[in-house]
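A.B. asks: no FASTA, just this:
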DNA sequence: ATCGGCTTCTGAACCGTTACGGTTCCATTC
DNA sequence: GAATGGAACCGTAACGGTTCAGAAGCCGAT
């Protein structure tokens, strides 16, 4: 394959037109509107283009003129490499990608890892819109995105007035888990939750921290638990909540260990994600606790590994979530201007999946048998 | 959050400059070179910008002027959604993402699924370079990429003269597996391979098809096997090779079934990927064949699931592969022009991992014991 | 002969920015 | 009191296209 050596200067549409003795318009038409010029001339244009090594209209210049970049940006505050490992994030990503493929639109992953305060990447991204996936309320990159005059859809969190949002009804979902646990008879529970704030806190999350959580979803889920358990007489302020900054099975295990060490009387461990719950299951094995006989464990998300493990959890349709966000953003019928109050909020169905990791606590069990 | 209602027309750098009574240059400097103007004026510029709802310099216009898009494009011929499910592709993706994050560069996934002949998405992508991952030799999108006057790095395949390439030494890797199998004493083998061409062929792949394979890597791997086995007197033309278009465990299983049905005497199944091999293992169980006592199975790639299964395979560092490609593409010391002959070829180390799925065939075993 | 309509091509405006090479002005320095 | 130098700001020319309202030419219909 002989690639022409770059001459002094890349050929442009103008130089090609000059070479051919036609107008720039005509060359442009040769590429974009073949019906606007005679087949013969078009052939000559394309042929000369090849001869001159003209690679076709410059995408950036075209974008400037047409005001279309042909791509959308995806902002997630985690490192990209993490996103490729988390099953939930991957599902969302897949859904978004599906929507993009259908529209023939590129999907630009923005480098905006945590601790990276440089918002310029967001300002420099030539995209027609943004999808923001699960970032904290006070995220600087998100603020940068909202400044841009392009449509934006937020998945999961945060909830921002006037901005489209796609996500599950976390409150209802978590409440359904709480009710399940309550119906089983558990009154001594513990909770493992994900990062509540940008500042690392691997340990107990006191009430104040729970209320001030920068992650809307975690806040909502904890609130749902608090309300539901308070209603049946369990004083939420006495319920141990252990937080982990990183989101791995190992962290779930260590959180479970920490909690069970401090509060051995706990009969049910409610986790705000399946990953944490899988860790809790591992830790239970390590401690010789039988699940669910000695300890009930529940998750959240409904990932494949959780199903394999028979975890009691709430399933949310992650792929559909990404898909819905993509479709919403790319919906051509919507005007790009974010007229105040016109924001769409799409709430996705969740489903309580009762697996083999939840059962009545032993004391209650005896009570039932005694009936 | 009150977002200003868009006025008749978006404010631009020029209108902002007019409003302030300063030159456009000055406004530009306020954003890009704060040291070029007094702090006081800069403050005024930014303040007025906020008042007018000017969102900062337009990324596309800036890109046109600076000739930098701040993103690279990633081309893979599979559907994006597939890529998010294949462990090898994910590893590569993760590596690339890592490199991008380090450079603060966006990663644009291009929608170019199979059967999508529309190359325009490649032509429309405003990116500073391309990474092409594992596409067939005659891929139309790849041709489009190579036309673009930006640097390109190809991962795995195809091998193109004058274009940077990152990949393992497939020939050496496959040869090491072949030698392992030969040393164990196997002489009656079968092969399961991945797609050899864009046209679907779920079934036997005769010699001609093997040689004409559009996927460079599969061709190389099969060739390595052919050469090595021919050398020890196994007539390659008699070795059954079964091809699968889709790349799933289920397809591996069905391919194994097809092959073992037709050639029950086979004692070793060499697969060109771990996924196929995992399928073969499943099929062996289904048939009541003990692995490795009755059947030896080998894979290629060294994915996590393979390790878990104890699969004998060749490990290749997928993450490092993506990383190397990203680093190579983003390397600022390299000139962007692809001077002929200056293409870099990075070959990655592979490692033969002998697991618990390979052993001597039974007849040989008896022979050995009989010594 | 005139007119309308079609095809084919053109000229000029415009998209919003940054690079480049100034100019202006004031404070130092000798 | 002129020369020097730096800080602050500016004007112009790209960057490489697309788009729109015509112009020119040709043809058949009136």
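C.D. replies: Received it, and whenever you're ready, just let me know what you need. None of the values given here were measured: they were computed from a predicted structure. Numbering: from 1, shown residues only, chains lettered A, B, ... in the order given.
A.B. asks: for the rest of this, base every contact and every neighbour count on C-alpha atoms.
C.D. replies: Noted.
A.B. asks: any low-confidence regions in the stretch 101-250 of chain A?
C.D. replies: Applying pLDDT under 70 to the stretch 101-250 of chain A picks out no residues at all.
A.B. asks: one more pass at 90, please.
C.D. replies: A:111-119, A:157, A:198 (pLDDT under 90).
A.B. asks: would you enumerate the residues in contact with the single nearest residue of it relative to DNA strand C?
C.D. replies: Residue of the stretch 101-250 of chain A nearest DNA strand C, by Cα to the nearest atom of the strand: residue A:124 (9.2 Å). For residue A:124, the contact set (Cα atoms under 8 Å, 6 or more residues apart in numbering or on different chains) comprises B:58, B:59, B:60, B:69, B:70.
A.B. asks: centroid-nearest residue for chain A?
C.D. replies: residue A:133 (3.7 Å; Cα atoms, centre = their mean).
A.B. asks: ramachandran coordinates for the residue of the stretch 101-250 of chain A closest to DNA strand C?
C.D. replies: Main-chain torsions, residue A:124, degrees, to the nearest 10: phi -90, psi -10.
A.B. asks: likewise for residue A:293?
C.D. replies: phi -60, psi -50.
A.B. asks: returning to what we had before: next one: the residue of the stretch 101-250 of chain A closest to DNA strand C from residue A:99, what distance?
C.D. replies: The spacing between residue A:124 and residue A:99, counted by Cα to Cα, to the nearest Å, is 24 Å.
A.B. asks: quick check: the gap between the residue nearest to residue A:169 when sequence neighbours are not counted and residue A:256.
C.D. replies: Distance criterion Cα to Cα, 6 or more residues apart in numbering or on different chains; nearest residue to residue A:169, sequence neighbours excluded, is residue A:347 at 6.1 Å. For residue A:347, the distance to residue A:256 equals 31 Å [Cα to Cα].
A.B. asks: ok, these two, which is more surrounded?
C.D. replies: residue A:256 (27 against 15; other Cα atoms under 10 Å in any protein chain shown).
A.B. asks: the more buried one falls within a helix, correct?
C.D. replies: Yes - counting by DSSP: H, G, I helix; E, B strand; the rest coil, one finds residue A:256 located in a helix.
A.B. asks: right, and it touches residue A:286 too?
C.D. replies: No - at 10.9 Å, residue A:256 and residue A:286 do not qualify as touching, with contact defined as Cα atoms under 8 Å.
A.B. asks: do me a favour and average the pLDDT over stretch A:21-30.
C.D. replies: Stretch A:21-30 comes out with an average pLDDT of 92.
A.B. asks: that stretch: which residues count as buried?
C.D. replies: A:24, A:26, A:27, A:28, A:30 (16 or more other Cα atoms under 10 Å in any protein chain shown).
A.B. asks: give me the distance from it to the chain's centre.
C.D. replies: From the chain centre to the centre of stretch A:21-30 is a distance of 45 Å (Cα atoms, centre = their mean, to the nearest Å).
A.B. asks: does residue A:140 touch residue A:117 like I think?
C.D. replies: Yes - taking Cα under 8 Å as the definition, residue A:140 is a contact partner of residue A:117 at 7.0 Å.
A.B. asks: show me which of those two is the more surrounded one.
C.D. replies: More neighbours surround residue A:140 than the other of residue A:140 and residue A:117, with 17 against 12 (other Cα under 10 Å).
A.B. asks: and the contacts of residue A:124, which of them are buried?
C.D. replies: Neighbour counting with 16+ other Cα under 10 Å marks B:58, B:59, B:60, B:69, B:70 as buried within these.
A.B. asks: can you give me the helices for the stretch 51-200 of chain A?
C.D. replies: A:59-66, A:80-83, A:87-103, A:120-124, A:140-147, A:170-184 (DSSP state H, counting those that start in this stretch).
A.B. asks: deepest-packed of these, please.
C.D. replies: Among these, ranked by average contacts under mean count of other Cα atoms under 10 Å in any protein chain shown, first place goes to helix A:87-103 (a mean of 23).
A.B. asks: is chain B contacted by that helix?
C.D. replies: Yes - for a cut-off given as Cα under 8 Å from any Cα of the partner chain, helix A:87-103 has contacts with chain B, namely A:90, A:93, A:94, A:95, A:97, A:98, A:100, A:101.
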